[in-house]
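S.K.: Predicted model, plus sequence, below.
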Amino acid sequence: MRSPEAAETPETAQATEANGTGTGTGTGTGTAGTATAPVSSPAAHPDMNEIVGTHDLLLITLDTLRHDVAAELAAKGRIPALARHLPGGQWEKRHAPGSFTYASHQAIFAGFLPTPAEPGPRPRLFAARFEGSETTADGTFVYDTPDLVSGLAAAGYHTVCIGGVGFFNLRGPLGSALPGLFRESHWEPEFGVTSPTSFEAQVARAERTIAALPRDRRLFLFVNVSALHQPNWFHLPGATAESGDTRASHAAALEYVDRHVDRLFAAMSSRARCFAIVCSDHGTAYGDDGWTGHRIGHESVWTVPYAHFFLEAR
């Protein structure tokens, strides 16, 4: 467990959540990993009672990723590694449970993943046991603890958090609240929003953690990817700090993540079959209808991409 001495604080991260601004340095986007592309299979209506206890679990939140940008890049073939695992090559359109990182992750860790953005039944994959729940179905994994993380720990999982944005930086009570749910948590400045190589550093940490765990111990790995969050201008070739963050640099940041995500998928499928969830916690506005940033009730913030699928054991 790391306790870094210098990086963005929860307070500055929260200020950025509010106004969508930020500063950062760096000009590189890193080089792609060389991992063999892992094989996935669809999981339209999984029975989580059959999956929990037999599969490793991976939850990736692509912090701040807009649905329209994610869908556009998938359709244009600009994120081939991610699109390879999306059902039909497309993201599912969903509504976020919160409009900024802290609120949304509190809901996600309580079992409230982003909700399908269409009318109809919305059964959940995970739910705490309580009377009157209308979204707990036969295939829902029900736990008797306050949150999903401790529920999975009670089911025998080693729970690991690899943080990204300031709410996971372990620097003080607020930055430790969400990571504190996990048995093992990691954060260092290289994982944070101002690092142009943040995702590579997070993947390297994940690879070491996965390799150190006994193969017969089930793993729940959570990764909060910070690369999409402001500042992201340094992911767009030719951009400068003066030009600032734009929808185009947001898209370039997703392309950067895509160049390295196969390493993470390969590591997670090296031990056992893995059930993976990849989604955004909220979007962000880049001048849409005059709005900038998040923690606001705008379509660009509430609408997020979502996918779940199996990573086949290698």
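M.R.: Arrived safely. Residues are numbered from 1 along each chain as shown.
S.K.: Any stretches of the stretch 201-314 of the chain with poor pLDDT?
M.R.: Scanning the stretch 201-314 of the chain for pLDDT under 70 picks out nothing.
S.K.: cutoff 90 now
M.R.: Low-confidence segments of the stretch 201-314 of the chain, defined by pLDDT under 90: 287, 291-293, 295-296, 314.
S.K.: With the stretch 51-200 of the chain instead?
M.R.: 119-122, 130-134.
S.K.: where along it do the helices fall?
M.R.: 67-75, 80-83, 101-108, 148-154, 173-177, 198-212 (DSSP state H, counting those that start in this stretch).
S.K.: Ala128 is nearest to which of these?
M.R.: helix 148-154 (7.3 Å; CB to CB). Where you see a C-beta, it was placed from the backbone N, CA and C, and this is true even at glycine.
S.K.: picking up where we left off before, let's have the helices of the stretch 51-200 of the chain in TSV, adding distance to Met268 and mean neighbour count.
M.R.: What follows is these, written out as TSV (distance: least, CB to CB, whole Å; neighbours: other CB atoms under 10 Å):
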stretch	distance to Met268	mean neighbour count
helix 67-75	21	20
helix 80-83	14	20
helix 101-108	18	22
helix 148-154	15	21
helix 173-177	25	16
helix 198-212	7	19
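S.K.: Relative to Val160, which of those helices is closest?
M.R.: Across those, Val160 has its closest neighbour in helix 198-212 (5.7 Å, CB to CB).
S.K.: contact partners of the closest one?
M.R.: 30, 33, 160, 162, 164, 184, 186, 188, 190-192, 195, 219, 221, 223, 225-227, 256-257, 260-261, 263-264, 267-268, 270-271 (CB atoms under 8 Å, 6 or more residues apart in numbering).
S.K.: Of those residues, which belong to strands?
M.R.: Here DSSP state E is the test, and the contacts of helix 198-212 give Val160, Ile162, Glu184, His186, Leu219, Leu221, Val223, Val225 as lying in strands.
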